[in-house]
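Enquirer: using only what follows, build the 3D model:
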Amino acid sequence: MTPGRGRNGPHASAARTPVLVAGEGETAVLFVAGRPVRPAMVRALYGAFPVFRTQFDTGCRTLDPRLPLPLAAAVFAPERGADAGLLDRTDFGRAALFAYQVALYRTWQDWGMRIGAVAGTGSGTVAAAHVVGGLGLQKAARNILPRRPDRRVPRAAAPKRGDAEGLSALRAAGFRRVLACGPGPREDTESAVAVGEVPALLAAMTHLQLSGPPVDWEALWWARHRADVHAVLRRVLEAA
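Expert: Sure thing, here's the model as predicted:
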């Protein structure tokens, strides 16, 4: 992990949120904490984007040994099923958020988004450290789910103060465009997205913009999608 740099050299922020260098991009990402994962959004992303699916499955496999039931049983439970309430528990809630954040971040990278720095609030600091290589997946899982977590405590409300401090730290480090990595603030938007509705998924991501020039999510995704189509066509032509 490397401390963030301002545009004119090392940055020493007064904020308590550490800024970690992720690359050479102009976009920064804040891993937020406290927002509940919405199963409908997870299912839609899982069904639409292979990278999200692969990364989410990897996270689940790593976290499952530390949970009483597989994480997928909670995330993909029927709405009124016996396991639907598991995400309200601290252990399943934290695990689902971590797996979701890492999978979403890797999906953005796969689309070609150039990310220059990351920061995190609450449990989001673990995901932030993991995606830049500061924490391996196993060690991150131990931080998210200690051996004896208090499963009786309800998940905390969204720490708005922490999010504000993280945003301030990233902006002070010289990043105008900052995105929130995690569930968005609009529950109605994310809960209504269905599998296969890529335009609705991209529209929901607009609510993750915290500051700076808007991301053209449709153009970003289409550029990656066209690259996949061209790769398939090349393989077909080469086999002909």
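Enquirer: what's the spacing between the spatially closest residue to Arg224 that is not a sequence neighbour and Thr54?
Expert: Residue nearest to Arg224 in three dimensions, not counting chain neighbours: Trp111, with 4.5 Å by C-beta to C-beta, 6 or more residues apart in numbering. For glycine as for every other residue, the C-beta is placed from the backbone atoms N, C-alpha and C. From Trp111 across to Thr54, the span is 14 Å (C-beta to C-beta, to the nearest Å).
Enquirer: tell me the mean pLDDT for stretch 180-189?
Expert: Mean pLDDT, computed over stretch 180-189, is 87.
Enquirer: phi first, then psi, for Ala28.
Expert: Note on Ala28: its backbone torsions stand at phi -120, psi 150 [degrees, to the nearest 10].
Enquirer: I meant Phe31, not that one.
Expert: Geometry field for Phe31 lists phi and psi as phi -80, psi 110, criterion degrees, to the nearest 10.
Enquirer: got it, and the one 10 residues further on?
Expert: Main-chain torsions, Met41, degrees, to the nearest 10: phi -70, psi -40.
Enquirer: which helix or which strand is home to the nearest residue to it once chain neighbours are set aside?
Expert: Closest residue in space to Met41, ignoring its immediate chain neighbours: Glu190 at 4.1 Å, by C-beta to C-beta, 6+ apart. Here Glu190 sits within helix 187-191, counting by DSSP states H and E.
Enquirer: give the next helix or strand downstream of that helix.
Expert: helix 198-205.
Enquirer: buried residues in that following helix, which are they?
Expert: Buried residues in helix 198-205, counting neighbours by 16 or more other C-beta atoms under 10 Å, are found at 198, 200-202, 204-205.
Enquirer: how far does it sit from the chain's center?
Expert: 15 Å (C-alpha atoms, centre = their mean, to the nearest Å).
Enquirer: ok now whichever helix or strand comes after that helix, how far from the chain's centre?
Expert: Going down the chain from helix 198-205, the next helix or strand is strand 209-211, by DSSP H and E. Counting by C-alpha atoms, centre = their mean, strand 209-211 is centred 15 Å from the centre of its parent chain.
Enquirer: and if you look at stretch 130-138?
Expert: On C-alpha atoms, centre = their mean, the centre of stretch 130-138 falls 14 Å from that of its chain.
Enquirer: just the CA trace of that stretch, in CSV.
Expert: Taking C-alpha atoms only, stretch 130-138 is exported to CSV below (Å, rounded to 0.1, in the frame of the first residue of the first chain):
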residue,chain,number,x,y,z
HIS,A,130,-7.2,-5.7,-0.7
VAL,A,131,-7.8,-4.3,-4.2
VAL,A,132,-4.4,-2.4,-4.2
GLY,A,133,-2.5,-5.5,-3.0
GLY,A,134,-2.0,-4.5,0.6
LEU,A,135,-4.0,-7.4,1.9
GLY,A,136,-4.3,-10.9,0.5
LEU,A,137,-7.7,-12.4,0.2
GLN,A,138,-7.3,-14.8,3.2
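Enquirer: what's across from Phe31 in the sheet?
Expert: Going by DSSP bridges, Phe31 is paired in beta bridges with Gly120, Cys181.
Enquirer: ok, it to Ala140 distance?
Expert: Counting by C-beta to C-beta, the gap from Phe31 to Ala140 is 12 Å.
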